[in-house]
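Asker: Pasting the sequence and the predicted model now:
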Amino acid sequence: MIFVDTHCHITDESFRGKDAAGSDEALGYIQRAVTAGVEIMLQADVDSTERGTMLDIVRRFPKELRAMIGLYPGSVKENWRDEIKAMVKAAQAWEAEGRTFAAMGEIGLDYHEGKAYSAEQKEALAWQLEYAAEHDMPVNIHLRDAMGDFLDVIKAHKSLGLRGNMHCYAGSYESFMELSRMGDWYIGVGGVVTFKKASLAEVVRRLPLDRIVLETDAPYLAPVPHRGARNESSYIPVIASKVAEIKGTNLEEVAEATTYNAYKLFNIK
């Protein structure tokens with residue numbers, strides 16, 4: 001069985017340096033993932049402070065890793081246009097190396113800490129949706145406590161023919177159905193689906209497998225029985241097993257469907 005982790009952060013400081021045995025943390029992470037059947041891992045972009053490190057690790061492991069490009073909504077402040085300029089410059093340099101991006105991400109809206117920059121977040125999101133459409137890229141969306149505004153932005157850009165996935169989806173089945181009428185959309189299912197009383201389980205139950213991709217958001221949101229520990233891409237089969245249980249099917253079917261979806265959506269070669 002082959003799996004794809006459609007969203008993780010191997011550049012997190014918890015994966016840098018050496019482990020207790022003196023081995024390279026990033027290499028060990030990837031080896032454990034591949035042993036578990038996770039052959040491709042998509043690296044999410046955040047902002048200019050982390051982008052260089054993220055692109056460097058993708059250069060180091062080109063077979064297993066794929067890069068995304070984008071400005072995370074939590075990094076959007078008054079200077080967001082400067083951040084966008086830095087992003088575009090990095091994208092042009094990456095493409096000059098003959099490389100491509102799997103998606104524009106992670107981009108979106110996040111009002112969890114308040115709405116002080118909600119206007120800037122919506123402007124930055126709109127700009128990046130247009131950039132993604134212009135460059136024929138899917139989008140990887142981070143959305144927290146802002147579903148209404150997000151749907152409004154997508155409606156305003158419906159003509160772009162957007163395609164993408166809702167990373168760490170926390171919305172309702174009905175909201176996803178509304179979104180689906182405005183483009184080709186999937187949900188990213190991670191460790192939260194294993195949590196007791198997780199509302200995501202009901203969304204997964206109602207959605208067909210052809211609308212689901214798997215993710216970890218490592219090092220965050222590790223699935224049960226690893227909850228509270230550092231998450232890793234090697235835990236994707238644990239998440240897939242829970243999806244299979246919810247859907248009343250087997251692990252092989254979940255692996256095949258979600259991997260096909262990921263390859264198709266992110267144009268993985």
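Answerer: Everything's here; your move. Residues are numbered from 1 along each chain as shown.
Asker: Lys122 and Gly164: what is the separation?
Answerer: Using CB to CB, to the nearest Å, one obtains 17 Å as the distance from Lys122 to Gly164. The C-beta positions use only the backbone N, C-alpha and C, and glycine is treated the same way.
Asker: So which of those two has more stuff around it?
Answerer: Gly164 (26 against 19; other CB atoms under 10 Å).
Asker: So that one sits against Gly183, correct?
Answerer: Yes. With contact defined as CB atoms under 8 Å, Gly164 counts as touching Gly183 (7.4 Å).
Asker: Please give me every residue in contact with the nearest residue to His157 once chain neighbours are set aside.
Answerer: Nearest non-adjacent residue to His157, counting by CB to CB, 6 or more residues apart in numbering: Leu129, 5.0 Å away. Under the criterion of CB atoms under 8 Å, 6 or more residues apart in numbering, the contact list for Leu129 reads 104, 107, 139, 153-154, 157, 160, 162.
Asker: again, 7 Å this time
Answerer: Shown here is Leu129, whose contacts under the criterion CB atoms under 7 Å, 6 or more residues apart in numbering are 139, 157, 160, 162.
Asker: Which ones among those lie within strands?
Answerer: Counting by DSSP state E, the part of the contacts of Leu129 found in strands is Val139.
Asker: May I see the PyMOL selection of the buried members of the contacts of Leu129?
Answerer: Typed into PyMOL, the line below selects the buried ones among these, using 16 or more other CB atoms under 10 Å:
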select buried, resi 139+157+160+162
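Asker: the strands in the protein, which residues?
Answerer: Remark: strands of the chain, listed N- to C-terminal, are 3-8, 38-43, 65-69, 103-110, 139-144, 163-167, 184-189, 212-214; assignment by DSSP E.
Asker: got those strands as JSON lines, with distance to Ala93 and mean pLDDT columns?
Answerer: As requested, the strands of the chain are exported to JSON lines (distance: least, CB to CB, whole Å; pLDDT from 0 to 100):
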{"stretch": "strand 3-8", "distance to Ala93": "23", "mean pLDDT": "98"}
{"stretch": "strand 38-43", "distance to Ala93": "16", "mean pLDDT": "98"}
{"stretch": "strand 65-69", "distance to Ala93": "11", "mean pLDDT": "98"}
{"stretch": "strand 103-110", "distance to Ala93": "16", "mean pLDDT": "98"}
{"stretch": "strand 139-144", "distance to Ala93": "21", "mean pLDDT": "98"}
{"stretch": "strand 163-167", "distance to Ala93": "24", "mean pLDDT": "98"}
{"stretch": "strand 184-189", "distance to Ala93": "28", "mean pLDDT": "98"}
{"stretch": "strand 212-214", "distance to Ala93": "28", "mean pLDDT": "98"}
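Asker: Which of the ones you listed sits closest to Ala201?
Answerer: In terms of CB to CB, the element of those nearest to Ala201 is strand 184-189, at 9.5 Å.
Asker: Mind giving me the packing neighbours of the closest one?
Answerer: Here strand 184-189 touches strand 163-167, helix 200-206, strand 212-214, going by 3 or more CB pairs under 7 Å, 6 or more residues apart in numbering; DSSP states H and E.
Asker: In PDB, list the C-alpha atoms belonging to it.
Answerer: Listed next in PDB are the C-alpha coordinates belonging to strand 184-189 (Å, rounded to 0.1, in the frame of the first residue of the first chain):
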ATOM      1  CA  ASP A 184     -13.200  20.900  -7.300                       C
ATOM      2  CA  TRP A 185     -12.600  20.500  -3.600                       C
ATOM      3  CA  TYR A 186     -11.400  17.800  -1.200                       C
ATOM      4  CA  ILE A 187     -11.000  17.600   2.600                       C
ATOM      5  CA  GLY A 188      -7.700  16.800   4.400                       C
ATOM      6  CA  VAL A 189      -8.200  14.200   7.100                       C
END
